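# Just the structure for this:
(chains A and B)
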Amino acid sequence: NAGVTQTPKFQVLKTGQSMTLQCAQDMNHEYMSWYRQDPGMGLRLIHYSVGAGITDQGEVPNGYNVSRSTTEDFPLRLLSAAPSQTSVYFCASSYSRSGSPTDTQYFGPGTRLTVL
Amino acid sequence: AQSVTQLGSHVSVSEGALVLLRCNYSSSVPPYLFWYVQYPNQGLQLLLKYTSAATLVKGINGFEAEFKKSETSFHLTKPSAHMSDAAEYFCAVSDGGAGNMLTFGGGTRLMVKP
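Model (predicted):
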């Protein structure tokens, strides 16, 4: 298993540009999520999904869109990038649809995004 | 609402010394608690988790943590530091609600001196 994969690893955008961060997992996990990591703030949840066709907002959803058309993929879209979105983005997945806290969450390697 | 505070953004120990990384939480319901480790340029890896079973939890790489409800703490320890332990460590809490949302602390960077 490749686990959780993310592309690209690095990206530089100009303010106002759009892009999609890709996340895929091959573990047949129902639950997937996106976090952003900023210095001194730990990781904060952006959006999550408990299964194909079902998404919900996390702690910091503004400026981001998600969709879940398949179990494997959970892309994160920035429609109009802003410098405040400069961060490292992590995708995570875990087994159960209910997102049980007893399930281990597996994290991808991250995407480092800079918005100029 | 839940929150996590990690005391000390940087901790430095000598190789072979005790490692103690502090984590305090607040939660309105019995919490689930986690420690993750992040090596440079990598994603997060689960070290250990507390899910209301034994209060002393053993994890990978010789780490363990003790859940103390009266102190709302979940400190991470390792008896003897190794150079390979140098990394950033994150404490996280979940209230078990919908979405399995993890609330993370700000992280503690552990440095190990030879």
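# what's the neighbour count on residue A:28?
10 (other Cβ atoms under 10 Å in any protein chain shown). Placement of C-beta: from N, CA and C, glycine included.
# can I assume it is in contact with residue A:70?
No. Applying Cβ atoms under 8 Å, one finds residue A:28 not in contact with residue A:70, separated by 11.1 Å.
# Are the helix or strand of chain B with the lowest mean pLDDT and chain A in contact anywhere?
In chain B, no helix or strand scores lower on mean pLDDT, DSSP states H and E than strand B:103-104, which sits at a mean of 88. Yes. Residues of strand B:103-104 contacting chain A under Cβ under 8 Å from any Cβ of the partner chain: B:103, B:104.
# what lines up beside that strand in the sheet?
Here strand B:103-104 is paired, per DSSP bridges, with strand B:87-94 (antiparallel).
# Tell me where chain B has strands.
For chain B, strands defined by DSSP state E occupy the ranges B:3-7, B:10-14, B:19-26, B:32-38, B:44-50, B:56-58, B:64-68, B:73-78, B:87-94, B:103-104, B:108-113.
# for these, which one sits closest to residue A:87?
strand B:103-104 (13.6 Å; Cβ to Cβ).
# in chain B, which residue is closest to the centre?
residue B:35 (3.4 Å; Cα atoms, centre = their mean).
# The closest residue to that one other than its chain neighbours and residue B:90, how far apart?
Once flanking residues are discounted, residue B:35 sits nearest to residue B:47: 4.3 Å by Cβ to Cβ, 6 or more residues apart in numbering or on different chains. Separation of residue B:47 from residue B:90 (Cβ to Cβ, to the nearest Å): 9 Å.
# which residues are common contacts for these two?
With contacts taken as Cβ atoms under 8 Å, 6 or more residues apart in numbering or on different chains, residue B:47 and residue B:90 have B:35, B:36, B:37 as neighbours in common.
# between those, which is nearest residue B:10?
residue B:37 (15.3 Å).
# And for the closest one, the neighbour number?
There are 21 residues near residue B:37, going by other Cβ under 10 Å.
# Just list the residues touching it, thanks.
B:44, B:45, B:47, B:61, B:87, B:88, B:89, B:90.
# Now flag whichever of the shared contacts of residue B:47 and residue B:90 is closest to chain A.
residue B:36 (7.8 Å; Cβ to the nearest Cβ).
# nearest residue to residue 7 other than its sequence neighbours?
All of this refers to chain A. In space, residue A:7 is closest to residue A:22, 4.6 Å off (Cβ to Cβ, 6+ apart).
# ah, no, chain B please
residue B:22 is the one closest to residue B:7 (Cβ to Cβ, 6+ apart), at 4.2 Å.
# The nearest residue to residue A:18 once chain neighbours are set aside - how many residues pack around it?
Sequence neighbours aside, residue A:79 is the residue nearest to residue A:18 in space, at 5.3 Å (criterion: Cβ to Cβ, 6+ apart). Neighbour count for residue A:79, taken as other Cβ under 10 Å: 12.
# again, but for the one 5 residues further on
Using other Cβ under 10 Å as the criterion, residue A:84 is surrounded by 10 other residues.
# again with the one 3 residues further on
Residues within reach of residue A:87, counting by other Cβ under 10 Å, total 22.
# Let me see the contact set for it.
A:36, A:37, A:38, A:113.
# again, only this time at 6 Å
A:36, A:38 (Cβ atoms under 6 Å, 6 or more residues apart in numbering or on different chains).
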